[in-house]
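Engineer: could you look at this predicted model? Sequence included:
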Amino acid sequence: MNRCHIVVFSGGSAANNLVDVFGKVAQDKECSLSYVIPISDNGGSSSELIRVFGGPGIGDVRSRLVRLIPEDPTGKDLEKSAIKALFNHRLSSSPSQARVEWLDIVEARHALWQDISSSKRELIRSFFNTINLEIVKRARPSSVFNFQSASVGNLFLTGARLFTGSFESSIYLLSAITGVPANVNVIPAINSNFSHHISAGLLDGTVIAGQNAISHPSAPSAPALVPNSGLLGKASEITPESPTSQERKEISLHDLVEDANLPGSLPTLRKQYINYAKTHTADLPSRISRIWYINPYGQEIRPAANPAVISSLSDASCIIYSIGSLYTSIIPCLILRDVGAAIAARSVRFKILILNGSLDRETRSASMEFGARDFVQAIKDACDSSRGTVGEYRDYVTHVIHLHGEGTPRVEREELAGWGVECVRIYGRKINGVDGEGGMVYDGIALVQALEAILGKRDLRGDKSRRNTLEANVYSPRKLGP
């Protein structure tokens, strides 16, 4: 295809900080832009929607859609700002107050409706009424929906999905109502009305079930840690053991609750995780070796990627692995069937990893901290797993953009060069980062300049040349031309 298309693999909150960067590059290069978002998150208010309704983890999808709502530079379009505020709004942290606030929204009495026209208000309310009716219908003495800290945007997407029967349609509705640009697509990694959970296998044989337990374990339950002492170093063979008597007792108690979960399914996949913290979490006992999808009973499955993901990759001139959680945001998208082969296609010329500016629980363990080579290796392993064959490093990553400073991951330039991966260092600014250990954040202008330098000055649709002199370049912020 003779057109430019950029595909970004990312999660939600971290990569939202770079949306303007990707938008600027796409605009300058006259490219269309697609974001591939995982649906395996079972934490936050999404956990309550999954518990009561089943379905995919939609928090990251909603977060990206709302972030993409165009800003009004004049400040005169009050309706656009009001709609963005509505879908970004979270209900009270008090369950009782949150329920009252939700009813005010459903009945159009809330102040959030003030600047929204009646036509759009009644359209949006129709889907709020749909999910509100479903919440009432599903109420049981053993299971009542908890509105605490619920995202209004998540409630809308779930209502639209239940009404249309299509997750894809609910995304289209939110995009159309909010005016997300037509040349920007938000694509769930899996297009499904069912929940999809992940497990992590650690090098010491431990298995952790559920994304929330992997990345930010929180009350009301601890991570589902299942020791497998005989499987050290054999991540491809790691599977959960049979439940212990305590676990069987916990499963039996959960089976008394009438919700969307199948009887006998893992408790760690069925609980509320409304309150959690992304910082100040304990290090993992060992580094993550592999991520895989599981069914409700903890058994490994191999789901197919959303066909729209494969189609988008087949049109791609450039693939970007954005900042964020490596093992719970990026890898769940890459291990899906056919994704690895699509990334490895020769038609995709640029495959760029934007390295995190700090380490988190997933890339820092009691035994070691990740460097750039470990990020690249994890991406390669995931893509190889998707393909069912072993490829070259450069099949999946051609460039690494990174920062340098206290708290940033180390970058093994010579080793990466031997793998055929070029490194580009740019300036950023220091922050008090994750867990108070510092780190760096990217400067948007410098990152735009680095990405555009990698992609080349000419139109990507026709330029077949490569730039091989980037490794020594350092990009600092400077004013962009018109």
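Structural biologist: Thanks, I have it. Residues are numbered from 1 along each chain as shown.
Engineer: model confidence for D77, exactly?
Structural biologist: D77 is assigned a pLDDT of 86 by the prediction.
Engineer: any idea how far S63 is from it?
Structural biologist: For D77, the distance to S63 (CB to CB, to the nearest Å) stands at 22 Å. Glycine gets a C-beta too; all of them are placed from N, C-alpha and C.
Engineer: repeat that for L86.
Structural biologist: Distance check for L86 against S63: by CB to CB, it reads 14 Å.
Engineer: also H216?
Structural biologist: In this structure, H216 and S63 are separated by 16 Å, where distance is defined by CB to CB.
Engineer: try V257
Structural biologist: Using CB to CB, we find V257 at a distance of 28 Å from S63.
Engineer: of the two, who's got more company?
Structural biologist: When neighbours are counted by other CB atoms under 10 Å, S63 comes out ahead of the other of V257 and S63, with 22 against 15.
Engineer: burial check on the closest residue to M368 other than its chain neighbours, number of neighbours?
Structural biologist: For M368, the nearest residue in space outside its immediate sequence neighbours is R287; the separation is 6.1 Å by CB to CB, 6 or more residues apart in numbering. Other residues within reach of R287 by the criterion other CB under 10 Å amount to 21.
Engineer: who's in contact with R287?
Structural biologist: For R287, the residues meeting the contact criterion (CB atoms under 8 Å, 6 or more residues apart in numbering) are L202, L203, S365, S367, M368, F370.
Engineer: my guess is the third one contacts S286. True?
Structural biologist: Read that as S365. Yes. Using CB atoms under 8 Å, S365 is in contact with S286, at 5.6 Å.
Engineer: next, Q377: phi, psi?
Structural biologist: Backbone torsions of Q377, given as degrees, to the nearest 10, read phi -60, psi -40.
Engineer: distance-wise, check it relative to I198.
Structural biologist: Distance of Q377 to I198, computed by CB to CB: 19 Å.
Engineer: same question for D77.
Structural biologist: For D77, the distance to I198 (CB to CB) stands at 40 Å.
Engineer: next one: S63
Structural biologist: The separation that S63 has from I198, given CB to CB, amounts to 19 Å.
Engineer: and if you look at L334?
Structural biologist: When CB to CB is applied, the distance between L334 and I198 equals 12 Å.
Engineer: which of those two has more neighbours?
Structural biologist: Summary of the neighbour comparison: L334 and I198, criterion other CB under 10 Å, with L334 having more neighbours (26 against 23).
Engineer: next up, the contacts around the closest residue in space to the more buried one that isn't next to it in sequence.
Structural biologist: Closest residue in space to L334, ignoring its immediate chain neighbours: A382 at 3.9 Å, by CB to CB, 6+ apart. Residues touching A382, when contacts are defined by CB under 8 Å, 6+ apart, comprise I291, I330, I331, L334, I335, G340.
Engineer: pretty sure the fourth one contacts D381?
Structural biologist: When you say that, I think you mean L334. No. The pair formed by L334 and D381 falls short of the contact definition of CB under 8 Å, at 9.1 Å.
Engineer: tell me the phi and psi of K430?
Structural biologist: Comment: the main-chain dihedrals of K430 come out as phi -80, psi 140, following degrees, to the nearest 10.
Engineer: so it bridges to which residues?
Structural biologist: When bridges are taken as DSSP bridges, the partners of K430 come out as M440.
Engineer: so it touches H404, yeah?
Structural biologist: No. Contact status for K430 versus H404: not in contact, 10.9 Å apart, counting by CB under 8 Å.
Engineer: mind listing the shared neighbours of these two?
Structural biologist: Shared contacts of K430 and H404, defined by CB under 8 Å, 6+ apart, comprise M440.
Engineer: after the helix or strand of the chain with the lowest mean pLDDT, which helix or strand is next?
Structural biologist: Among the helices and strands of the chain, strand 225-226 carries the lowest confidence by mean pLDDT, DSSP states H and E, at a mean of 40. Towards the C-terminus, the helix or strand next in line after strand 225-226, according to DSSP states H and E, is helix 245-255.
Engineer: coming back round to it: of the contacts of R287, just the buried ones, PyMOL syntax please.
Structural biologist: Selecting only the buried entries of those in PyMOL, with 16 or more other CB atoms under 10 Å as the criterion:
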select buried, resi 202+203+365+370
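Engineer: so where's the stretch 351-482 of the chain shaky on pLDDT?
Structural biologist: When the per-residue scores of the stretch 351-482 of the chain are filtered using pLDDT under 70, the ranges that remain are 432-437, 457-482.
Engineer: where exactly do the strands run in it?
Structural biologist: Secondary structure of the stretch 351-482 of the chain (DSSP state E, counting those that start in this stretch): strands located at 399-402, 422-426, 428-431, 439-442, 474-475.
Engineer: distance from the second one to the middle of the chain?
Structural biologist: On the basis of CA atoms, centre = their mean, to the nearest Å, the separation between the geometric centre of strand 422-426 and that of its chain is 24 Å.
Engineer: grab the CA positions of it and hand them over as CSV.
Structural biologist: Taking Å, rounded to 0.1, in the frame of the first residue of the first chain, the C-alpha atoms of strand 422-426 are listed here in CSV:
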residue,chain,number,x,y,z
GLU,A,422,20.3,1.4,16.7
CYS,A,423,20.2,3.6,19.8
VAL,A,424,19.1,7.2,19.9
ARG,A,425,19.6,9.2,23.1
ILE,A,426,17.6,12.3,23.8
